[in-house]
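Engineer: heads up, no residue letters with this:
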């Protein structure tokens, strides 16, 4: 695989150094290590750690390559992959549990006191089975043995950008993602807070913390300013209409308690930005705009003692009569997601995190008086600022910004509270367009991969982005503010930065799940 400056390859659930660890068998030592005299040792992790002509075997020992090795010797000719022929399954399904239990009981007591004073044992079997189908058939069984050494040789560049392997949703849980991050020069972008892709996947819009709007061109791999709303506008979020004719951008102006919401429209055909002054809020801020699979959308507004939901159609036009719900003065709700209720009808989940912790359901959306119900509140959940609905409508994920707990809505029930997976640093979450993967993200480039529908802590993988080195070179205060999956594939953009008294920074990273569904034209 090509390696270049500015690209970080993150493989979920790799074993850490095992020096001075008691062992009885090689399997006690995890990846690329072996048991010698009751101690775990390794000489290498990748082939490049060995002398020329030798390779790193699964036990971390440099050995001479032979025709029986499961990888080609350095002078082998790569085999071309013909997607038109029946799959070769060259990967010999390394995941029938070739997965060598990278945990057995890596359970490693993540802390008899992870926080909050409860002293619970988060570990007690964190030891997830890394091998659970590590050898997964990538796409239509392109299958190049991912196994044993995750620094795999993909036939010396099989060429991932041949188009999506599978346009439909996967039949079962996808394999642990292998994430590749590439730095994009941010130009004049300042501390970005939101990003969204045009439905065609050719470009994405990125919002600075205030005023300016930028466009990422997927072909040119560049970021350029394309609009400005004025220095008084603090950007909140954006969403494209399902057909992509326009995007609605949400901003707020003024100081609390007189902050007011404003809406701007990006026209795809003309690449122009204009404000819809008639839709400016007189009662509070605009928080989030979400489209459902059936083409309708809802806009969430938050006032000093109430929330309001406005309806939009597939063209981005406000319709119908807004509905409201009273909340305690000084609190606020921040995000909304589309789901289906227990009868299969469209419903909404609203999360609240400003001076409160609450999740509301909104049902009977087509009636004149939608029904609001408080499902969860403080004591069970922490303050919740972000939620993402699975595109299929059958569930949602929410993240507690104060507790860093991942809460899940599934089969018309919320899983929340003490036993919910703890994801350090995470405060946001978003699904891929096929619903197979989601990323929970937050401070210092932290990112955690959730795979539908594997909810235990052992199935959630740390795939964080390293921000301290080139080309990102961010301060420790930098945050991964938003993530947007590119439509139709397992790739996308991650944006963020830092804003402090000493100055502001920005970063843009294009990510690819190398063993996931690939985009037609790559990056």
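Structural biologist: Arrived safely, thanks for sending. Quick caveat, the model's predicted, so the values are computed rather than measured.

Engineer: Contact partners for residue 407?
Structural biologist: Applying Cβ atoms under 8 Å, 6 or more residues apart in numbering, we find residue 407 in contact with 359, 376, 381, 384, 397, 398, 399, 400, 414, 415, 416, 420. Any C-beta I mention is one placed from the backbone N, CA and C, and that applies to glycine too.

Engineer: where along the stretch 351-500 of the chain do the strands fall?
Structural biologist: Ranges of strands in the stretch 351-500 of the chain, per DSSP state E, counting those that start in this stretch, are 358-363, 371-377, 384-389, 395-400, 406-410, 413-415, 426-431, 437-442, 447-451, 461-462, 479-485, 491-497, 499-500.

Engineer: could you say what helices and strands the second one packs with?
Structural biologist: When you say that, I think you mean strand 371-377. Packed against strand 371-377, as judged by 3 or more Cβ pairs under 8 Å, 6 or more residues apart in numbering; DSSP states H and E, are the following elements: strand 358-363.

Engineer: hmm, 10 Å instead?
Structural biologist: Contacts defined by 3 or more Cβ pairs under 10 Å, 6 or more residues apart in numbering; DSSP states H and E place strand 371-377 against strand 318-326, strand 346-354, strand 358-363, strand 406-410, strand 413-415.

Engineer: Would you indicate which residues of that strand are buried?
Structural biologist: Within strand 371-377, the residues scored as buried using 16 or more other Cβ atoms under 10 Å are 372, 375, 376.

Engineer: Need these in CSV (columns: distance to residue 341 and pLDDT).
Structural biologist: Output for the buried residues of strand 371-377, formatted as CSV (distance: Cβ to Cβ, whole Å; pLDDT from 0 to 100):
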residue, distance to residue 341, pLDDT
372, 13, 97
375, 12, 96
376, 16, 95
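
Engineer: Distance to residue 272 added to the residues you listed, as a markdown table?
Structural biologist: Below are the buried residues of strand 371-377 laid out as a markdown table (distance: Cβ to Cβ, whole Å):
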| residue | distance to residue 272 |
| --- | --- |
| 372 | 38 |
| 375 | 42 |
| 376 | 42 |
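
Engineer: Tell me the one among those nearest to residue 176.
Structural biologist: residue 376 (29.6 Å; Cβ to Cβ).

Engineer: closest to residue 179 out of the strands of the stretch 351-500 of the chain?
Structural biologist: Taking the strands of the stretch 351-500 of the chain one by one with Cβ to Cβ, strand 447-451 is closest: 7.6 Å.

Engineer: is it true that residue 192 touches residue 211?
Structural biologist: No: with contact defined as Cβ atoms under 10 Å, residue 192 does not reach residue 211; the gap is 11.9 Å.

Engineer: neighbour count winner among these two?
Structural biologist: residue 192 (25 against 18; other Cβ atoms under 10 Å).

Engineer: Quick check: closest non-adjacent residue to that one.
Structural biologist: Nearest non-adjacent residue to residue 192, counting by Cβ to Cβ, 6 or more residues apart in numbering: residue 495, 4.2 Å away.

Engineer: tell me the contacts of that neighbour?
Structural biologist: Contact partners of residue 495, counting by Cβ atoms under 10 Å, 6 or more residues apart in numbering, are 184, 186, 189, 191-195, 204, 206-208, 214, 216, 223, 480-484, 506-509.

Engineer: same check, this time on residue 301
Structural biologist: 250, 260-261, 281, 283-288, 307-310, 322, 324, 333.

Engineer: Looking at the helices and strands packed on strand 371-377, which is nearest to residue 439?
Structural biologist: Set against residue 439 and scored by Cβ to Cβ, those come closest in strand 406-410, at 11.3 Å.

Engineer: what's the angle from the closest one to strand 346-354?
Structural biologist: Counting by axes from the mean of the first three to the mean of the last three Cα atoms, to 10 degrees, strand 406-410 points 160 degrees away from the direction of strand 346-354.

Engineer: any idea of the angle strand 406-410 forms with strand 358-363?
Structural biologist: Strand 406-410 runs at 20 degrees relative to strand 358-363, counting by the same axes, to 10 degrees.

Engineer: Strand 406-410 - what's its average pLDDT?
Structural biologist: Taken as a whole, strand 406-410 has an average pLDDT of 97.

Engineer: returning to that earlier point: I'd like the helices and strands packed on strand 371-377 as a markdown table, with distance to residue 388 appended.
Structural biologist: Output for the helices and strands packed on strand 371-377, formatted as a markdown table (distance: least, Cβ to Cβ, whole Å):
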| stretch | distance to residue 388 |
| --- | --- |
| strand 318-326 | 21 |
| strand 346-354 | 10 |
| strand 358-363 | 13 |
| strand 406-410 | 10 |
| strand 413-415 | 14 |
